[in-house]
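A.B. asks: test case, fold it:
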Amino acid sequence: MNMSAATPVVHLVDNDPRVLKSVARLLASAGYRTQASTSPQEFLAHYDASVPGCLVLDLAMPGGSGLELQHVLHARNVALPVVFLSGCSEVPDCARAMKEGAVDFLTKPVEAEALLAAVQRAIATDERQRAQADEAHALHAHFDGLTPRERELLPYLVSGKLNKQIAGELGVVEKTVKVHRAHVMHKLGVRSMADLVRLTVRAGIEPRSRPSVAGVGPTAN
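C.D. replies: Presented below is the predicted three-dimensional model:
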């Protein structure tokens, strides 16, 4: 089945074909596209992380539990939101699943409204995570355009100090700092120091007040 990367897919993993059929029918009636697997191994064999969606996962299955699959996904850095289904409400398992980031933990036989609400939250979570990842990727792409020297000096440029003070700390002339500051702001598309500071904060770049970068000397330009 061809699936658009822009269309969310609800992955169903349960060793009981009757459960798969029932849940798939319910989700299809609500307009969701589904893909069913009878084991964690089958799911992992065809899962495409580029396709948005979520996972409705049975807790106990032969050959590997739902919690184990959740752990595998985490180990692979796959942030696929999970909704667990269980034949019994085991408190320790529920607590572990939720601690590992599950969106919900529902007991079979699951109520239609509860499952649809959980799937809706899971897909919304996935959309938010993907939007944040796209923003982070675009943000770091901006910084990739800086030269190595500009990246080295950036934490000093956002330290809140004057060009003269930065130049004195680094042992360079003030004009050098001014030139680098102008180049950095132009490349990052910001017009003020406040915008530059906000951008570096979002990128996790900490300001520095003392020189600690090798290769920065009086002849830097």
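
A.B. asks: please name every helix or strand in contact with the helix-or-strand element of the chain with minimal mean pLDDT.
C.D. replies: Among the helical and strand segments of the chain, the one scoring lowest on mean pLDDT, DSSP states H and E is helix 91-99, with a mean of 72. Contacts defined by 3 or more Cβ pairs under 8 Å, 6 or more residues apart in numbering; DSSP states H and E place helix 91-99 against helix 66-75, strand 82-86, strand 104-107. C-betas here are computed from N, CA, C, even on glycine.

A.B. asks: average model confidence for the second one?
C.D. replies: Translated: strand 82-86. For strand 82-86, mean pLDDT rounds to 93.

A.B. asks: just the shortest one next, same as before
C.D. replies: In this model, strand 104-107 has an average pLDDT of 90.

A.B. asks: and stretch 36-54, how far out from the chain's middle?
C.D. replies: 18 Å (Cα atoms, centre = their mean, to the nearest Å).

A.B. asks: end to end on it, go ahead and measure it.
C.D. replies: Chord length of stretch 36-54, first to last residue, is 12 Å (Cα to Cα, to the nearest Å).

A.B. asks: same deal with stretch 43-54?
C.D. replies: Stretch 43-54 end-to-end distance (Cα to Cα) = 12 Å.

A.B. asks: can you point out the buried residues in it?
C.D. replies: 43-44, 47, 51-54 (16 or more other Cβ atoms under 10 Å).

A.B. asks: out of the helices and strands packed on helix 91-99, which comes closest to Met185?
C.D. replies: helix 66-75 (38.8 Å; Cβ to Cβ).

A.B. asks: quick one: contacts of that closest one?
C.D. replies: Residues from elsewhere that reach helix 66-75 (Cβ atoms under 8 Å, 6 or more residues apart in numbering): 13, 40, 43-44, 55, 57-60, 79-80, 82, 84, 93, 96-97, 100-102.

A.B. asks: pull out the buried residues from the residues you listed.
C.D. replies: By 16+ other Cβ under 10 Å, these give 13, 40, 43-44, 55, 57-60, 80, 82, 84, 93, 97, 102 as buried.

A.B. asks: out of these, which sit inside strands?
C.D. replies: If you go by DSSP state E, these have 13, 55, 57-58, 82, 84 in strands.

A.B. asks: between which two of the buried ones among the contacts of helix 66-75 is the distance greatest?
C.D. replies: Applying Cβ to Cβ across the buried ones among the contacts of helix 66-75, the maximum distance is between Leu44 and Asp93, 20.8 Å.

A.B. asks: show me which residues of the longest helix anywhere in the chain are buried.
C.D. replies: Counting by DSSP state H, the longest helix found in the chain is helix 112-144. Residues of helix 112-144 classed as buried by neighbour count (16+ other Cβ under 10 Å): 115-116, 118-119, 122-123, 125-126, 139, 143.

A.B. asks: coming back round to it: looking at the helices and strands packed on helix 91-99, which is buried most?
C.D. replies: Mean neighbour counts were taken over the helices and strands packed on helix 91-99 using mean count of other Cβ atoms under 10 Å, and the top value, a mean of 23, falls to strand 82-86.

A.B. asks: partner strands of it, with direction?
C.D. replies: Within its sheet, strand 82-86 is paired with strand 53-58 (parallel), strand 104-107 (parallel), according to DSSP bridges.
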